[in-house]
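Visitor: Here's my sequence, what's the structure:
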Amino acid sequence: MRRFPPERIVCLTEETVETLYLLGEDRRIVGVSGYAVRPPQVRREKPRVSAFTSADLPKILALEPDLVLAFSDLQAEIAASLGRAGVAVHLFNQRDVAGCLAMIRTLGALVGAGERAEALARSYEARLSAAAAARTEGPRLKVYFEEWDEPMISGIGWVSDLIGHAGGQDVFSDLSREPAAKDRIVTAQQVIAAAPDVILASWCGKRVNVDRIRGRPGWAAIPAVADGRIHEIKSPLILQPGPAALTDGFEAIRAALAVRQSGR
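Guide: Numbers count the residues shown, from 1 in each chain. The predicted model follows:
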């Protein structure tokens with residue numbers, strides 16, 4: 001990083017884009033991921049320079065960034081190529097709610113907005129704590145979150161955490177700590193055996209087909225299927241490990257669980 005705070009930032013994933021806007025530091029952004037949709041104006045204000053596992057390196061370098069923000073092992077090769085080109089890169093790797101909050105605080109520190117970032121993170125912590133405190137007594141609803149359909153992949157850490165804060169119990173919470181999607185693959189029989197009360201689905205990059213879920217062999221006996229409690233959550237809301245998941249994604253989970261609770 002040649003300057004502090006950096007004046008020209010490229011964001012290769014959505015959550016850092018939204019965080020910088022929320023911190024009032026969006027003027028520093030000179031390039032974004034093609035998947036960035038929050039806030040809506042980002043689509044017309046910032047040039048797109050990457051997908052998720054690929055990036056237009058010449059376009060990024062032409063922007064002369066002081067800092068590039070990346071995410072996880074899936075962008076490690078992009079980060080390495082930029083590093084070899086002399087670009088400063090910070091690669092985040094948040095996989096749970098605590099990590100999402102740490103990302104916000106770290107990003108705030110990187111752009112000289114530490115106090116605002118702390119306030120933002122604390123507001124999310126307060127929201128989650130209030131929701132957990134408001135949970136009604138009684139058994140927690142068992143929830144299966146499906147991140148992909150073929151193969152079936154269960155939810156990652158921050159999703160599992162948010163289900164817990166919303167008053168549910170992730171039926172594959174043990175797998176949620178596995179960072180790689182391939183390590184969270186489940187079988188139809190495992191889901192049947194788990195007998196979830198609610199199924200939440202967010203197929204990254206494509207629309208959820210509820211009828212296809214409902215029609216899987218043997219799934220008619222699953223309580224969630226029998227009672228019609230299958231809900232899609234749009235992937236930009238819940239599969240972005242940052243503000244979107246902590247706000248709108250979380251509220252979508254709470255709404256899905258409330259449907260079941262009100263029906264008791």
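Visitor: going forward, measure contacts and count neighbours with C-alpha atoms only.
Guide: Fine.
Visitor: So for the host helix or strand of residue 119, what gets flagged as buried?
Guide: Element membership of residue 119 [criterion: DSSP states H and E] is helix 114-133. By neighbour count on 16 or more other C-alpha atoms under 10 Å, the buried set for helix 114-133 is 114, 116, 117, 118, 120, 121, 124, 127, 128, 132.
Visitor: Identify the residues contacting the closest residue to residue 221 other than its chain neighbours.
Guide: Nearest residue to residue 221, sequence neighbours excluded (C-alpha to C-alpha, 6 or more residues apart in numbering): residue 192, at 7.6 Å. Residues in contact with residue 192 (C-alpha atoms under 8 Å, 6 or more residues apart in numbering) are 218, 219, 221, 222.
Visitor: my read: the second one touches residue 228, true?
Guide: Okay, so that is residue 219. No - if you go by C-alpha atoms under 8 Å, residue 219 and residue 228 don't touch, sitting 11.6 Å apart.
Visitor: Between the two, tell me which one has more neighbours.
Guide: Using other C-alpha atoms under 10 Å, the more surrounded residue of residue 219 and residue 228 is residue 219, with 19 against 16.
Visitor: thinking again about what came up before, can you check my assumption that the residue nearest to residue 221 lies in a helix?
Guide: Yes - assessed with DSSP: H, G, I helix; E, B strand; the rest coil, residue 192 lies in a helix.
Visitor: If you count contacts, what does the one helix or strand residue 147 maps to end up packed against?
Guide: Element membership of residue 147 [criterion: DSSP H and E] is strand 141-149. Helices and strands touching strand 141-149, by 3 or more C-alpha pairs under 8 Å, 6 or more residues apart in numbering; DSSP states H and E, are strand 152-154, strand 168-170, strand 198-201.
Visitor: would you list these in TSV and tack on distance to residue 233?
Guide: As requested, the helices and strands packed on strand 141-149 are exported to TSV (distance: least, C-alpha to C-alpha, whole Å):
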stretch	distance to residue 233
strand 152-154	14
strand 168-170	16
strand 198-201	6
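Visitor: okay, the ones you listed, which one's buried deepest?
Guide: Most buried of these by mean neighbour count (mean count of other C-alpha atoms under 10 Å) is strand 198-201; its value is a mean of 26.
Visitor: For the helix or strand following that one, buried residues please.
Guide: With elements assigned by DSSP H and E, the helix or strand that comes after strand 198-201 is helix 210-214. By neighbour count with 16+ other C-alpha under 10 Å, helix 210-214 contains the buried residues 210, 213, 214.
Visitor: Could you identify the helix or strand that succeeds helix 210-214?
Guide: Helix 210-214 is succeeded, C-terminally, by helix 223-226 (DSSP H and E).
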